[in-house]
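Student: Pasting a predicted model and its sequence here:
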Amino acid sequence: YGILFKQEQAHDDAIWSVAWGKNKNDGSETVISGSLDDLVKVWKWNDEKLDLQWTLEGHQLGVVSVDISHTGAIAASSSLDAHIRLWDLETGKQIKSIDAGPVDAWSLAFSPDSQYLATGSHVGKVNIFGVETGKKEYSLDTRGKFILSIAYSPDGKYLASGAIDGIINIFDIATGKLLHTLEGHAMPIRSLTFSPDSQLLVTASDDGYIKIYDV
């Protein structure tokens, strides 16, 4: 691997989250970044370089998680200010602001159909918000601890969450039931993601291990 492009001074503080999306209509590719400088920046990926398109202001504290809908039209950001904000990537305008509650949206992820937004909270709950309504539709209770990472399977059947105590929970989206609790890590789960066929889950932890599970 070689560095294809480097954006210096992309933000004025630490960058905690990035996401890459492709617009289903025109095929354009967008990268968004969220930083402790309270800003979300929208970059267009053109000719193997990033061009700043929008600087999205509104969060009052650091941005900890960002994602792009699977249509490539909407971005979501969550912040230490307890708010989730939805953004129109074509205009750079805020669509809505959702009060998620203190530390109740540490991590977020769009559902594959782009209709829902899942967030992980400090009390071990996964909250599901409607993108259109901005309202909390329901919650999935892990009965666990602070959720640091969250991911939908590409087929939309499963949702996985990773907690600060190293526990991973996998839910059935259709029923809301907890299918599996995985205890293979000893330290916080910083990131997890499903394979393209939704059959495998890969997890990464502070314990230095990457583990792959058969869902």
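Tutor: Structure's in. What do you need?
Student: Show me the shaky parts of this protein.
Tutor: Along the chain, the model assigns pLDDT under 70 to no residue.
Student: What helix or strand is residue 137 located in?
Tutor: strand 136-141 (DSSP states H and E).
Student: Could you tell me how many residues sit around residue 202?
Tutor: For residue 202, the neighbour count with other CB atoms under 10 Å is 14. For the C-beta atoms, the positions are set from N, CA and C on the backbone; glycine is no exception.
Student: how about the helices in the protein?
Tutor: With DSSP state H as the criterion, the chain has no helices.
Student: Which positions in stretch 25-38 come out as buried?
Tutor: Across stretch 25-38, burial judged by 16 or more other CB atoms under 10 Å covers 30-38.
Student: What residues of the strand holding residue 137 count as buried?
Tutor: Of all the residues in strand 136-141, those buried under the rule 16+ other CB under 10 Å are 136, 140.
Student: what's in contact with it?
Tutor: Contacts with strand 136-141, where a contact means CB atoms under 8 Å, 6 or more residues apart in numbering, come from 116, 124-130, 159, 161, 171, 176, 178.
Student: And the residue nearest to residue 124 when sequence neighbours are not counted, how close does it get to residue 22?
Tutor: For residue 124, ignoring the flanking residues on the chain, the nearest one in space by CB to CB, 6 or more residues apart in numbering is residue 144 at 4.1 Å. Residue 144 sits 34 Å away from residue 22, going by CB to CB, to the nearest Å.
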